[in-house]
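K.L.:
take a look and give me a structure for this.
(one chain, ligands or ions: 1)
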Amino acid sequence: MPVIIEPFRIKSVEPIHFTTKEERRSILQKAGYNAFRIHARDVLIDLLTDSGTSAMSSDQWAGIMQGDESYAGSESFFHFNDTIKDITGMPYVIPTHQGRAAEKIIFSILGGKGKYFISNTLFDTTRANIEFSGAEGIDLLCEEGKHPAVPAPFKGNIDTEALAQTIKEKGAANIPMVIITITNNSGGGQPVSMQNIKQVREICSANNIPLFIDACRFAENAYFIKLREEGYSDKTVKEIARELFSYADGCTMSAKKDAFANIGGFLAMHDKELAMRCRNLLIITEGFTTYGGLAGRDLEAIAIGLKEVLDENYLQYRIRSTDYLLQKLITAGVPVIQPAGGHAVYIDAKAFLPHIPLAQYPGQSLVCALYEEGGIRSVEIGSLMFGKYDAAGNLVPAMMELVRLAIPRRVYTQSHIDYVAETIIEVFSKRNSLGGLRILEETPLLRHFTAILEPVSI
Ligand SMILES: *Cc1c(COP(=O)(O)O)cnc(C)c1O
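P.N.:
Purely as a prediction, here's the structure:
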């Protein structure tokens, strides 16, 4: 197969600030061994997140200039509205400032005590908004999704048997919605199959429960369907996306992912009555119905981005470049989640650093080592993020100790990714010399953002 090249050329560049290993050692110490506390300027390759970090196209920047900032009835809103209607088939489109603002609105209306929201895996802001309303979130990921090292084509699928069973147990009347997250962000960016979505639709229809899609990475998911699911190789990604949305009653989306925007989100749905209630809340929290929490220029950039993301040359490059990094790591024997997700590569830190006890945060130790070795910023998704303490004050570890390398869209070139692979492989070769960390200071909630740590002396 010929090499797949970046399907763009670079018009505007942003310099990277270089640091030495010595400088990075001192930066790490000052940041309390927490990558969230490092200044972005001191990061060489930033793989902390793919959210809001995309490079916008020249068309999007031109759209920024043409954004219509009228309070009501902005031309940019109609461009945004028509683009989303065209892709989702949903007639009611509500702009919000981020995905979580869309979540806040819909769950404030449909949530509450005694209600259950069922999903393949709820993203953390989604779960937080559900729980904040007093309701409960239930994840029913398929069995393949629970085994990191075992490859399968659709590890993001929901377990449909468990879904039917849970509906029976909790009562359909207490379930305001089933939510399918595509791709499954918290489950390694793994895709959901069209067949799975169809089956969930049937179960929802039989029980009179609305189905919503958390659509942040809908185009990446649609491309995986084209590549991996029978009967879809001849369809366009847009046709696949339309089919996928046709099974849903509504969706929420963060435009900071597949819309290549630096901010934004939306809610879309078929139900007129529900849309009216959402708009009432929108007006008191986000803004008027034709701009939500956004400027006209943001609406314009999102509308253009949503068209660009359906370009199959882009998606081929996107999915291939994530897989390119994964394959290099697999060849070198680095333990990773397989196959590659759409937006990120995940290293299994428990297998990478088996000599570091879980209570000394092997994932965070690896995050620090990647920064020190090569100035690469990644994020721990393990016991620092999800660990709890038992009554005796001992750590109850997370299910997995992962380090996520999220790839910003259209930002880094192949040589940047080669450098990332080299750095990881170098750290892997000296993994036995890495030690653990202990927490010095932490907050009771979301401690990973602010915790201060120090190395455990060996
Ligand atoms: C990012 C994300 C959200 C939340 O969107 P924000 O724009 O960050 O508020 C919700 N669901 C998934 C799957 C996401 O990846």
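K.L.:
end to end on stretch 372-392, go ahead and measure it.
P.N.:
With CA to CA, to the nearest Å applied, stretch 372-392 spans 34 Å between its terminal residues.
K.L.:
now it: buried residues?
P.N.:
Neighbour counts using 16 or more other CB atoms under 10 Å place 372-387 of stretch 372-392 among the buried residues. Every residue, glycine included, has its C-beta placed from N, CA and C.
K.L.:
try stretch 272-289
P.N.:
274-275, 278-279, 281-282, 286-287, 289.
K.L.:
what about that stretch, near the ligand?
P.N.:
No. Counting by CB under 6 Å from any ligand atom, the ligand is not contacted by stretch 272-289; separation bottoms out at 12.3 Å.
K.L.:
swap in stretch 140-153?
P.N.:
No. Between stretch 140-153 and the ligand, judged by CB under 6 Å from any ligand atom, nothing touches; the nearest distance is 13.7 Å.
K.L.:
CA-only coordinates of that stretch in CSV, if you can.
P.N.:
Extracted C-alpha coordinates of stretch 140-153, given in CSV (Å, rounded to 0.1, in the frame of the first residue of the first chain):
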residue,chain,number,x,y,z
LEU,A,140,-23.3,-1.8,29.8
LEU,A,141,-20.2,-2.3,27.7
CYS,A,142,-20.0,-5.5,25.6
GLU,A,143,-17.6,-8.2,26.8
GLU,A,144,-14.9,-7.6,24.1
GLY,A,145,-14.6,-4.0,25.3
LYS,A,146,-13.4,-5.1,28.6
HIS,A,147,-10.2,-6.9,27.4
PRO,A,148,-7.6,-4.3,26.4
ALA,A,149,-5.2,-6.6,24.6
VAL,A,150,-7.7,-8.6,22.6
PRO,A,151,-8.5,-7.1,19.2
ALA,A,152,-12.1,-6.9,18.0
PRO,A,153,-13.7,-4.6,15.4
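K.L.:
residues contacting that stretch, please?
P.N.:
With CB atoms under 8 Å, 6 or more residues apart in numbering as the test, stretch 140-153 has contacts from 118-121, 154-159, 162-163, 166, 184, 187-188, 190-191, 193, 196, 224, 228-229, 335-339, 346, 348, 400, 402.
K.L.:
please redo it, this time with the cut-off set to 6 Å
P.N.:
For stretch 140-153, contacts defined as CB atoms under 6 Å, 6 or more residues apart in numbering pick out 120-121, 155, 157-159, 162-163, 187, 228, 337-339, 348.
K.L.:
ok, which pair from these is furthest apart?
P.N.:
Spatial extent of these (CB to CB) is set by the pair 163 and 348 at 28.0 Å.
K.L.:
show me the contacts of stretch 140-153 that map onto helices.
P.N.:
Counting by DSSP state H, these place 162-163, 228 in helices.
K.L.:
and residue 275, how far from residue 241?
P.N.:
The gap separating residue 275 from residue 241 is 21 Å, by CB to CB, to the nearest Å.
K.L.:
distance of the nearest residue to residue 442 once chain neighbours are set aside relative to residue 334?
P.N.:
Leaving aside its chain neighbours, residue 442 sits nearest to residue 451 (4.5 Å; criterion: CB to CB, 6 or more residues apart in numbering). Distance of residue 451 to residue 334, computed by CB to CB: 26 Å.
K.L.:
quick one: residues contacting the most centrally placed residue in the chain.
P.N.:
The chain has residue 185 as the residue nearest its centroid, 4.1 Å off, counting by CA atoms, centre = their mean. The neighbourhood of residue 185, defined by CB under 6 Å, 6+ apart, consists of residue 123.
K.L.:
so where do the helices sit in the stretch 51-200 of the chain?
P.N.:
With DSSP state H, counting those that start in this stretch, the ranges of helices along the stretch 51-200 of the chain come out as 58-66, 75-88, 99-110, 124-132, 160-170, 194-207.
K.L.:
among those helices, which comes closest to residue 245?
P.N.:
Closest to residue 245 of these is helix 75-88 (CB to CB; 4.2 Å).
K.L.:
isn't residue 33 right next to residue 366, touching?
P.N.:
No. Counting by CB atoms under 6 Å, residue 33 does not reach residue 366; the two are 11.6 Å apart.
K.L.:
in the stretch 301-450 of the chain, what residue lies closest to the ligand?
P.N.:
Nearest to the ligand, among the residues of the stretch 301-450 of the chain, is residue 343, at 8.4 Å (CB to the nearest ligand atom).
K.L.:
pull the contacting residues for that residue.
P.N.:
50, 189, 406.
K.L.:
pretty sure the second one contacts residue 341?
P.N.:
Think residue 189. Yes. Residue 189 lies in contact with residue 341 (CB under 6 Å); the separation is 2.3 Å.
K.L.:
phi, psi of residue 269?
P.N.:
Dihedral pair for residue 269: phi -160, psi 170, per degrees, to the nearest 10.
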